[in-house]
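Asker: this one's sequence-less:
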């Protein structure tokens, strides 16, 4: 294919004599539209060429536009690309990894804020928002503040790496707390909290608000502090106050065990959670554990109180809410059968480990299954006593973690 004199070609074919355009003489193997994009042509010219040949638009042209074109050109082209959010998120990640293009990240925020929290990873650990905090020292507080400001209140997830970086100012963390409080669709939240920091007190208040009245389903907070005082108790109080109206299904809190204070506060949080789980039927997985750093690796310690928490969340996973529903009839035999089947096939739990859960479910609503008369009652009581003995002996040594 011959080399292109782009200015002559576009002036001749599209009547663009009145549009100033950068002269490029050495483009080859590119379509006219692609040539315009990689040379940073203005929107007016790109629009004219696109209208002349819409079929020429490709994903590669859009990706090149993200690197070379003005933002208004990118905004125009995104409407003609399938899954442009996925592609923009990839571009954002590349700019954060590439030392030569860090300045490209900030302009994209204005036009594609919805791509900030997109992640292909099911664990949600590789979104542009997450990576930006990991690159905080290169980006600077001004870019982080702009990123937080641009983050749509309709975003469904926020994930910040498990340690705050040393460059993040209190202003950045305070801005993030304010954003979290007023997000309307937040379902997933994972971030570190620092003890004794007044701005992170704001974050605890914001999270409490989401627990009580928002759609938050997954919460993971990592405590980097060493002091006692029940810093996270407001989160549990919010959960208790919301009752079953809270949407929270998974809650994880890790506390360092390097000091006696760290161990005491873990017990405090676990005791409060056990109280909540006496009646809560929505929490499916809860982990409140302390950890130690051994050879640079975090090793979590599991306690008997965590086993009790696991027991109650297992009841919730296997249908305790059905037993609490007084309006709908329930076939207990069918429920027990489905529990055993699900535990064995989906979670790999043997029947012996399941005995405490089965007994716990039966104990939740005896009126739904104690309906026998005559001689059958004695046999039923014998079965109940047998189940109770097995439950008592199995509870301490069983794990119900889903």
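Answerer: Structure's in. What do you need? Worth saying up front: this structure is predicted, and the values here are computed from it rather than measured.

Asker: so where's the stretch 251-400 of the chain uncertain?
Answerer: 257-264, 293, 296, 298, 344-351, 368-400 (pLDDT under 70).

Asker: tell me the strands in it, going along the chain?
Answerer: Using DSSP state E, counting those that start in this stretch, the strands of the stretch 251-400 of the chain run over 285-294, 297-301.

Asker: And these: which comes nearest residue 54?
Answerer: Closest to residue 54 of the strands of the stretch 251-400 of the chain is strand 285-294 (Cβ to Cβ; 49.1 Å). No exception for glycine: its C-beta is placed from N, CA and C like everyone else's.

Asker: Show me what counts as buried in the closest one.
Answerer: 285, 286, 287, 288, 289, 290, 291 (16 or more other Cβ atoms under 10 Å).

Asker: ok, of these, which one's closest to residue 138?
Answerer: Nearest member of the buried residues of strand 285-294 to residue 138, counting by Cβ to Cβ, is residue 291, at 29.4 Å.

Asker: so what's that closest one bridging to?
Answerer: On the basis of DSSP bridges, residue 291 takes part in beta bridges with residue 256, residue 300.

Asker: Test my guess that it contacts residue 254.
Answerer: Yes: with contact defined as Cβ atoms under 8 Å, residue 291 reaches residue 254; the gap is 5.5 Å.

Asker: so where is the stretch 51-200 of the chain shaky, pLDDT-wise?
Answerer: If you take pLDDT under 70 as the line, the stretch 51-200 of the chain has these spans: 99-102, 122-125, 161-168, 194-199.

Asker: can you map out the strands along it?
Answerer: Taking DSSP E, counting those that start in this stretch as the criterion, the stretch 51-200 of the chain carries its strands at 157-159, 188-193.

Asker: Reformat these as a markdown table; add distance to residue 35 and mean neighbour count.
Answerer: Shown next, in a markdown table, are these (distance: least, Cβ to Cβ, whole Å; neighbours: other Cβ atoms under 10 Å):
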| stretch | distance to residue 35 | mean neighbour count |
| --- | --- | --- |
| strand 157-159 | 39 | 22 |
| strand 188-193 | 42 | 21 |
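
Asker: re the thing from before, ok, the buried residues of strand 285-294 vs residue 333, which is closest?
Answerer: residue 285 (27.3 Å).

Asker: shouldn't the closest one be in contact with residue 249?
Answerer: Yes: between residue 285 and residue 249 a contact is recorded at 7.2 Å, counting by Cβ under 8 Å.

Asker: And the residue nearest the centre of this protein?
Answerer: By Cα atoms, centre = their mean, the chain has its centre lying nearest to residue 188, at 3.3 Å.

Asker: hang on, isn't that one packed against residue 217?
Answerer: Yes: applying Cβ under 8 Å as the test, residue 188 and residue 217 come out as touching, 7.0 Å apart.

Asker: what's residue 235 in contact with, if anything?
Answerer: Residues in contact with residue 235 (Cβ atoms under 8 Å, 6 or more residues apart in numbering) are 204, 207, 208, 211, 219, 221.

Asker: Buried among these? Need that as a selection in PyMOL.
Answerer: This is how PyMOL selects the buried members of these, with burial counted by 16+ other Cβ under 10 Å:
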select buried, resi 204+207+208+211+219+221
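
Asker: Point out the ones among the contacts of residue 235 that are inside strands.
Answerer: Here DSSP state E is the test, and the contacts of residue 235 give 219, 221 as lying in strands.
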